[in-house]
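S.K.: This is a predicted model, with the sequence first.
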There are 6 protein chains.
Amino acid sequence: MTNQKIAKEIIQQLLIPSTATLTSVLRGLGVTRTFMHGGVAPLKKGMKMAGPAYTLRYIPAREDLDAPMDNLTDIQRIGIEQIGAGEVLVIDARGDTRAGTMGSILATRIFKRGAAGVVTDGAYRDSPGIAEIGMGAYAAAMNAHTNKTIHYPSEIQVPIACGEVAVFPGDIIVGDDEGVVVVPVRLAEEVAAAAAPMEEKERFIMEKIHAGASIIGMYPMDEKAEAEFDNWRGAAPTG
Amino acid sequence: MTNQKIAKEIIQQLLIPSTATLTSVLRGLGVTRTFMHGGVAPLKKGMKMAGPAYTLRYIPAREDLDAPMDNLTDIQRIGIEQIGAGEVLVIDARGDTRAGTMGSILATRIFKRGAAGVVTDGAYRDSPGIAEIGMGAYAAAMNAHTNKTIHYPSEIQVPIACGEVAVFPGDIIVGDDEGVVVVPVRLAEEVAAAAAPMEEKERFIMEKIHAGASIIGMYPMDEKAEAEFDNWRGAAPTG
Amino acid sequence: MTNQKIAKEIIQQLLIPSTATLTSVLRGLGVTRTFMHGGVAPLKKGMKMAGPAYTLRYIPAREDLDAPMDNLTDIQRIGIEQIGAGEVLVIDARGDTRAGTMGSILATRIFKRGAAGVVTDGAYRDSPGIAEIGMGAYAAAMNAHTNKTIHYPSEIQVPIACGEVAVFPGDIIVGDDEGVVVVPVRLAEEVAAAAAPMEEKERFIMEKIHAGASIIGMYPMDEKAEAEFDNWRGAAPTG
Amino acid sequence: MTNQKIAKEIIQQLLIPSTATLTSVLRGLGVTRTFMHGGVAPLKKGMKMAGPAYTLRYIPAREDLDAPMDNLTDIQRIGIEQIGAGEVLVIDARGDTRAGTMGSILATRIFKRGAAGVVTDGAYRDSPGIAEIGMGAYAAAMNAHTNKTIHYPSEIQVPIACGEVAVFPGDIIVGDDEGVVVVPVRLAEEVAAAAAPMEEKERFIMEKIHAGASIIGMYPMDEKAEAEFDNWRGAAPTG
Amino acid sequence: MTNQKIAKEIIQQLLIPSTATLTSVLRGLGVTRTFMHGGVAPLKKGMKMAGPAYTLRYIPAREDLDAPMDNLTDIQRIGIEQIGAGEVLVIDARGDTRAGTMGSILATRIFKRGAAGVVTDGAYRDSPGIAEIGMGAYAAAMNAHTNKTIHYPSEIQVPIACGEVAVFPGDIIVGDDEGVVVVPVRLAEEVAAAAAPMEEKERFIMEKIHAGASIIGMYPMDEKAEAEFDNWRGAAPTG
Amino acid sequence: MTNQKIAKEIIQQLLIPSTATLTSVLRGLGVTRTFMHGGVAPLKKGMKMAGPAYTLRYIPAREDLDAPMDNLTDIQRIGIEQIGAGEVLVIDARGDTRAGTMGSILATRIFKRGAAGVVTDGAYRDSPGIAEIGMGAYAAAMNAHTNKTIHYPSEIQVPIACGEVAVFPGDIIVGDDEGVVVVPVRLAEEVAAAAAPMEEKERFIMEKIHAGASIIGMYPMDEKAEAEFDNWRGAAPTG
């Protein structure tokens, strides 16, 4: 559905603004339910990632489904060997953290395939290891249990829920120290274009607030402030 | 996957035992996660239903997905006009009860198509009306809000989670006054065959307990009780 | 704020449609978060009520606030003796059901003052008694504990949260067997006017569905169905 | 600890007042956490029970503990054959409703042993059957799964948590249509003695409120009301 | 109500003890529900703050209330430009973390006005930035969404609930690495006075425990230990 | 029951593998519910501990149980002075984090007695201090309130639930940066023996994945990979 291609430059642009700016831009476009919650958080400080979603959906495990693990039939394994460079694996675990959804061997393989990150609204096992792999990593908990007793991999590359927001394959997943925002792929270019000026404006406002300005007339800006901003912008070196 | 056909007689047989007996039989076959919980309950007393699952999956709504309602493109509407006679619609609403998943007009249409019942781990709107339609109806709550602000219909006839158990299209869904059990279709014949003797045995045990027997030697039965049961069985009129 | 007066005829009109119809009308006006959830449900079957909200807000109890109960200083008691005929008491209990928010003596006094009902997102004590008083009564649980150990009455007639929706003093609270909807008072007349024709239309559609019609072309109605509806309407006796 | 004997007359007296009155009396004695919540509710309307607690505690199941069911070693079974006439079985299921804690055969045996009721903060299986046995029955949910996959019976006749309140063996468990209150056995006689006059007083107040009295001066009563009450009491036939 | 002035020295004194000591002192005065929970935690390590509460209350958003943001009518903005030097902004977000309650521009303005900190039982947006502003900052989650879709600012400087405890305007809010305690303003002087000796006593006990003492006779102290403490105190340099 | 002695070497061996490896080994032995969840997490990075469980169980507080704190009768205090060198205190707090279960003085005493760590599914008070004591420390939250208003110490050295898993006295509790796993004591030797080779195998696999190998044929290993592993093992220096 939203599986369209997106230029690399767009993704580069989306890496610059904060997730807070991106949700504001999206809200300006009328889309308000895009930031994952329900406990989804970065595994450590300093993470930053952006890339198209590759989705994986788990349903509850049931003993009659519990086939021996096999890389040719296990949907999770098939998916992992399909993830493309720059993509972000997003796992719908129904918010259930009673077992991991993946461990560090699989996460490392995903990293070696060039993925930009991994996101789950469940847990990882080997979380301390996954935190150090070198790509974005977000989860709702840590749990050393393997996924098989709680989760059954059901589908790949279908629309899913993660962190209580909708994610379609190809939607741009952006993560920073605050968390993860889903940028619908059809809006990605527009969002990328609008985010830079919004960040610039907020930098100006922040500078004024730091200098002691009241928010009255400044946030939001009145005409006088807008004029001052235009001035500042002309003067400011391009960030 | 488990979309195989199942004989009508099997379904008739599965209507007889209680869901408690069915989960016991399933446990005997090694399958323990089959009874829906998370609040899924009958809309009123006296419901009894069995039929193959027709599945519908919702993901969280997002404003950019909010197309005008249209029976030719809305997955929920398409699904409803595909449900076959005797089937049970099972809706994966991620346990989110902040809006209904369906109202009484759609539920009535499902009933007119010959369905055996409807199950959701979310809510219905017009719940009091749905309770009276004349088919099985199970939900986790009542909520008059239409589904569109919270739920987006994403897929039909795929494996889903409902009430924290896995449901595959074609699995046999059985409901009574206690709630809803999922009988994996590949096990349905075996379960149906084993349920009747188990119910008979429990009827015997209950009779003895009512007559003052201790559970020692009776539940589970020792050799002496088994012999007595064989006797009783010979004597008892076939229930 | 929204404390404006509302004509009795408007309230009479709002008593006729179901809460499901009212939320649909409100959604048509762009207001989607109006139906209480979080467990708020009728205490028994057959309740129906409508009236302006009289609001009471609890905050968590703290021992240094625990003054001896006194009808002249206890905000809850003052509020109860202020509730007007036809009003609905709505209590913000922060969804905390670890104690009642009111018992049957106070609820009976409220009824005697002519109130149309009582709503809480906490619990009542003496719930079985309150169910039988003769007015609408909605709560999230039953709990025999008095309110004082958990709740402290903090304000009356201010905007509150109840069942996870906003309620302003004077908003019209409508309850039926499904639950409670908040009709913003500024929209009440418009909602009342729009609800009757919507109910009529849904009655027509239901009649057709019962007669075997598909939802295609009927729900929503296409041109042909609209024409048929106009016809039916002319013929139908006014409900 | 609190395992002392209690006279049958005390229990008879505790059957008369509502659980709301009992929690009020207990609060007057400084004990405020006595009413079970967390979803514990009667299985059907019209239940009324009182009796000393016989306690059973479950811990989470673990496969290495899963011995074959055996009435001589299974703590649950041993407990059931020890419950005395008039006692109430109270089960600590940690509020976990993913499986039943007992089914109708065991509940019937408990009834045949003369027990006054059964209470769990988990679920029962065969709940519709248990509701009709003829004794008090309270639970937080219905779940047809047998207890073994989720719960492991760990101890009998030790202090437990049930519905988020403490229960000691021998504490008096009183249930009505609102739910279950725990009367600490050391306070039982005092509570029983204080409940009757409190109920009488509340009956008087309710009569006055029905007759149109304001709560001012009446609830709580001022001197004038107290005098009127003394009068009424003299005149009223003993309830 | 509790809006009385408090001397700066009292606040300076309250900055010294840990929140654990303060809750102990408060418990000694009979006040036991004062420490925020429900997930409220410091945004980073090393925070320490104390100051009178300036309160802000949110209710759920409703589309008909969604006025264009305006610093002259938006209660949140009005409040921010009223916060006084040394105060702590405390936001009642009903524990709802589906959107931020404030971002870094507003938080920076609050800091520039001289505030001692900000506390919410919801989330912040730009949380990583807020953590670095240089004042105390506590929240239950991070969420980049702006507040408007979930929260509506309803009142300022009224009693609120935050982290499941009551907060009155003017109550002294003290935060450290463990979290946030509310010191009722009427008790602040007494608490400040009692905290220092309690900390001294605990320092002594800790010294003894480190030296290998058993807790028997030491925690709590018996007569011998008290005598030893008096000695130590005389000898110890004033901390 | 499982109170058998365990050799120190076994515990030393269990300290080497990650909790993720241990849960995998346990799963291989058929035991799948062993990793604590429900929020139980290390108080800071870098913790590593293993030792036999010493268990303490809390039930909800009730005012009539609130005896003056006394080291000779308070079950918590008695337990603390019984904990043996190398043991891990595990506290069943029913997942209730509304108060601490212990503070830093008691935790320090436990450390001085030679304990290997402390675990609770509730909260600690003085958590920042407990994090720095020098032993393993795991909890579900921080809460400065003393335990007495919420928790009552009920039993020591009985089977308990902690983090939603069963813990028997003597079971080996292993903690690392991911969290806490319970190794049933009867399986401890077998688990310890199996963990080392599994870690070795996973190290080999990880090396291959880092070198660019696909998971196909490698995770799980096919015959060719097994042969390569045998080779590598011969060559590799013993870790």
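M.R.: Great, that's in hand. Numbers count the residues shown, from 1 in each chain, chains lettered A, B, ... in the order given.

S.K.: which ones are touching the residue nearest to A:Ile156 when sequence neighbours are not counted?
M.R.: Nearest residue to A:Ile156, sequence neighbours excluded (C-beta to C-beta, 6 or more residues apart in numbering or on different chains): A:Gly79, at 4.0 Å. To be clear about C-beta, it is placed using only N, CA and C from the backbone, and glycine gets the same treatment. Contacts were defined as C-beta atoms under 8 Å, 6 or more residues apart in numbering or on different chains; by that measure A:Gly79 touches A:Tyr54, A:Leu56, A:Leu89, A:Pro153, A:Ile156, A:Gln157.

S.K.: try A:Arg27
M.R.: Counting by C-beta under 8 Å, 6+ apart, the residues that A:Arg27 touches are E:His145, E:Thr146, E:Lys148, E:Thr149.

S.K.: if you set the cut-off to 7 Å instead, what comes out?
M.R.: By C-beta atoms under 7 Å, 6 or more residues apart in numbering or on different chains, the contact list for A:Arg27 reads E:Thr146.

S.K.: can you tell me the helix or strand for it?
M.R.: Following DSSP states H and E, the helix or strand that holds A:Arg27 is helix A:19-28.

S.K.: and the next element down the chain from that helix?
M.R.: strand A:41-42.

S.K.: Mind jotting down where the strands sit in chain A?
M.R.: In chain A, the segments counted as strands under DSSP state E are A:41-42, A:49-60, A:88-92, A:117-120, A:123-124, A:136-139, A:141-142, A:151-156, A:160-162, A:165-167, A:172-175, A:180-183.

S.K.: for the helix holding A:Arg27, the distance to its chain's centre please.
M.R.: 13 Å (C-alpha atoms, centre = their mean, to the nearest Å).

S.K.: which of the residues in that helix are buried?
M.R.: Buried residues in helix A:19-28, counting neighbours by 16 or more other C-beta atoms under 10 Å in any protein chain shown, are found at A:Thr19, A:Ala20, A:Thr21, A:Leu22, A:Thr23, A:Ser24, A:Val25, A:Leu26, A:Arg27.

S.K.: Turn those into JSON lines, columns for pLDDT and distance to E:Ile10.
M.R.: Shown next, in JSON lines, are the buried residues of helix A:19-28 (pLDDT from 0 to 100; distance: C-beta to C-beta, whole Å):
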{"residue": "A:Thr19", "pLDDT": "98", "distance to E:Ile10": "41"}
{"residue": "A:Ala20", "pLDDT": "97", "distance to E:Ile10": "37"}
{"residue": "A:Thr21", "pLDDT": "98", "distance to E:Ile10": "41"}
{"residue": "A:Leu22", "pLDDT": "98", "distance to E:Ile10": "44"}
{"residue": "A:Thr23", "pLDDT": "97", "distance to E:Ile10": "41"}
{"residue": "A:Ser24", "pLDDT": "96", "distance to E:Ile10": "41"}
{"residue": "A:Val25", "pLDDT": "97", "distance to E:Ile10": "46"}
{"residue": "A:Leu26", "pLDDT": "97", "distance to E:Ile10": "46"}
{"residue": "A:Arg27", "pLDDT": "96", "distance to E:Ile10": "43"}
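
S.K.: tell me which of those residues is nearest to chain F?
M.R.: A:Thr19 (23.9 Å; C-beta to the nearest C-beta).

S.K.: Could you tell me how many residues sit around A:Arg186?
M.R.: 16 (other C-beta atoms under 10 Å in any protein chain shown).

S.K.: Can you check the pLDDT for it?
M.R.: A:Arg186 carries a pLDDT value of 95.

S.K.: tell me, which helix in chain A spans the most residues?
M.R.: helix A:188-210 (DSSP state H).

S.K.: Which elements pack onto it?
M.R.: When contacts are defined as 3 or more C-beta pairs under 7 Å, 6 or more residues apart in numbering or on different chains; DSSP states H and E, helix A:188-210 packs onto helix A:8-14, helix A:19-28, helix A:223-235, helix E:104-112.
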